[in-house]
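Colleague: With the sequence up front, the predicted model follows.
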Amino acid sequence: MLFSTTTPEAKRIALREMLAGPTIVQFPGAYTPLSTRLIQEQGFDGVYISGAVLANELGFPDIGLTSLTEVAARAGQIARITDLPALVDADTGFGEPMNVARTVQELENAGLAGCHIEDQFNPKRCGHLDGKNVVDLATATKRIRAAAEARRDANFLVMARTDIRGTDGLAAATDRAKALVDAGADAIFPEAMADLSEFEAMRSAVDVPILANMTEFGKSQLFTADQLQEVGVNMIIYPVTLMRSALGAMERVLQTIRADRTQEAAVPDMLTRARLYELVDYNGYNQFDSSVFDFEVPGLHR
Ligand SMILES: C[C@](O)(C(=O)O)[C@H](CC(=O)O)C(=O)O
Ligand SMILES: [Mg+2]
């Protein structure tokens with residue numbers, strides 16, 4: 001059935017354990033709650049909830065227009081449907097340090113295993129675009145300290161993302177990462193690393209887990225999990241991959257219908273009705289229903 005069979009607390013412990021382990025973990029971006037089931041079925045380690053996907057699907061560019069309420073609600077819908085730990089993109093934390101504290105508590109309540117908070121100015125932008133701005137070190141560290149202190153579950157992962165590589169270079173990024181760890185970050189998301197050697201430099205700078213963002217059409221090459229593991233990366237996200245693939249497929253089928261005046265040629269690419277029902281677990285719900293209603297209470301007649 002379409003719900004998590006484990007608690008948020010257990011998922012947070014699982015996330016901590018996998019990040020401490022020797023094997024790199026892969027977190028595809030959940031496009032929607034249902035697509036999260038595909039991620040789980042394929043045996044991935046966890047799911048990522050992208051701020052870009054969330055914003056774009058609501059019809060906004062990824063420039064900080066979504067609200068905490070929208071992000072927590074969507075992230076909660078995704079977290080509730082999977083046994084996998086879910087890491088959510090909390091952008092700049094939705095305001096000042098006090099807002100960041102509230103953000104972390106709302107995300108804990110929504111059942112997330114962790115979130116990342118970045119050091120961009122608002123309005124923020126995609127980390128792989130030029131013209132980003134980052135806040136000063138004091139502001140960046142205050143956000144992380146507020147996040148770390150606000151959580152009620154010590155295992156909720158507070159990941160600090162730094163975008164400073166794009167504005168000030170690699171040395172600034174490793175320095176900032178160290179300061180963010182000192183401020184309480186459990187993990188580091190070094191955004192827009194240019195190549196593997198930059199990940200390696202980040203690896204030597206900090207002793208917490210580090211994340212690689214394998215977003216398509218960005219600044220980083222699309223390295224394999226083995227290549228990234230080799231340089232000491234602990235976690236990979238594929239944030240926008242499912243949305244890009246789904247939208248690509250949608251565009252193609254719409255073109256087919258326009259051209260052929262029927263969708264017939266596109267049907268082989270579609271998930272069949274049977275497969276869709278399997279994914280939504282109609283069977284599981286039916287069985288649950290019959291186990292609840294198919295019993296007799298002696299002496300009870302209506
Ligand atoms: C990871 C990211 O923050 C996201 O929101 O998914 C984006 C991804 C993207 O725009 O490709 C990012 O800033 O890298
Ligand atoms: Mg983002």
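Modeller: Now that the structure is in, tell me what you want to look at. Residues are numbered from 1 along each chain as shown. Ligands and ions are numbered 1, 2, ... in the order given.

Colleague: list the contacts for the most centrally placed residue in the chain?
Modeller: Centroid-nearest residue in the chain, with Cα atoms, centre = their mean: Tyr48, separated by 1.9 Å. By Cβ atoms under 8 Å, 6 or more residues apart in numbering, the residues touching Tyr48 are 27-30, 86-89, 237-239. Bear in mind the C-beta positions are built from the backbone N, C-alpha and C, glycine included.

Colleague: Check which residues of stretch 148-166 are buried.
Modeller: Buried residues in stretch 148-166, counted by 16 or more other Cβ atoms under 10 Å: 148, 150-151, 155-166.

Colleague: Residue numbers of the chain in contact with ligand 1?
Modeller: Within the chain, the positions near ligand 1 by Cβ under 6 Å from any ligand atom are 50-52, 62, 89, 126-128, 213, 215, 218, 239-240.

Colleague: Please flag which of the residues you listed sit within strands.
Modeller: Using DSSP state E, the members of the residues of the chain next to ligand 1 that fall within strands are 89, 213.

Colleague: Kindly present the residues of the chain next to ligand 1 as a markdown table, with separate columns for pLDDT.
Modeller: Listed next are those as a markdown table, based on pLDDT from 0 to 100:
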| residue | pLDDT |
| --- | --- |
| Ser50 | 98 |
| Gly51 | 98 |
| Ala52 | 98 |
| Asp62 | 95 |
| Asp89 | 98 |
| Cys126 | 82 |
| Gly127 | 81 |
| His128 | 80 |
| Asn213 | 97 |
| Thr215 | 97 |
| Gly218 | 90 |
| Pro239 | 98 |
| Val240 | 98 |
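
Colleague: Which of the residues of the chain next to ligand 1 are buried? Put it as a PyMOL command.
Modeller: Typed into PyMOL, the next command selects the buried ones out of the residues of the chain next to ligand 1 (criterion: 16+ other Cβ under 10 Å):
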select buried, resi 50+51+52+62+89+126+127+128+213+215+218+239+240
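
Colleague: In helices only, show me the residues of the chain next to ligand 1.
Modeller: Among the residues of the chain next to ligand 1, the residues falling in helices (DSSP state H) are 51-52.

Colleague: about what we covered before: the contacts of Tyr48: which two are farthest apart?
Modeller: Val88 and Tyr238 (14.9 Å; Cβ to Cβ).

Colleague: Spit out the contact partners of the nearest residue to Thr6 once chain neighbours are set aside.
Modeller: Of all residues not flanking Thr6 in the chain, Asp83 sits nearest, at 5.1 Å (Cβ to Cβ, 6 or more residues apart in numbering). When contacts are counted by Cβ under 8 Å, 6+ apart, Asp83 touches 4-6, 11, 40.

Colleague: Torsion angles phi and psi at Asp83?
Modeller: Asp83 has phi and psi values of phi -80, psi -10 when expressed as degrees, to the nearest 10.

Colleague: mind listing the helices in the stretch 101-250 of the chain by residue range?
Modeller: Taking DSSP state H, counting those that start in this stretch as the criterion, the stretch 101-250 of the chain carries its helices at 137-150, 164-168, 170-182, 196-205, 225-230, 241-260.

Colleague: what's next to the fifth one, contact-wise?
Modeller: With Cβ under 8 Å, 6+ apart as the contact definition, helix 225-230 has outside contacts at 23-24, 26, 196, 199, 212, 236.

Colleague: repeat that for 10 Å
Modeller: With contacts defined as Cβ atoms under 10 Å, 6 or more residues apart in numbering, helix 225-230 is touched by 22-26, 196, 199-200, 210-212, 214, 220-221, 223-224, 233-236.

Colleague: Please identify the buried residues of it?
Modeller: Within helix 225-230, the residues that qualify as buried are 228-229, counting by 16+ other Cβ under 10 Å.

Colleague: Also stretch 251-270?
Modeller: In stretch 251-270, counting by 16+ other Cβ under 10 Å, buried: 253, 256, 266.

Colleague: Just confirm the first one contacts Val267, I think it does.
Modeller: Yes: contact status for Val253 versus Val267: in contact at 9.2 Å, counting by Cβ atoms under 10 Å.

Colleague: thinking again about what came up before, helix/strand/coil for the residue nearest to the centre of the chain?
Modeller: strand (DSSP: H, G, I helix; E, B strand; the rest coil).
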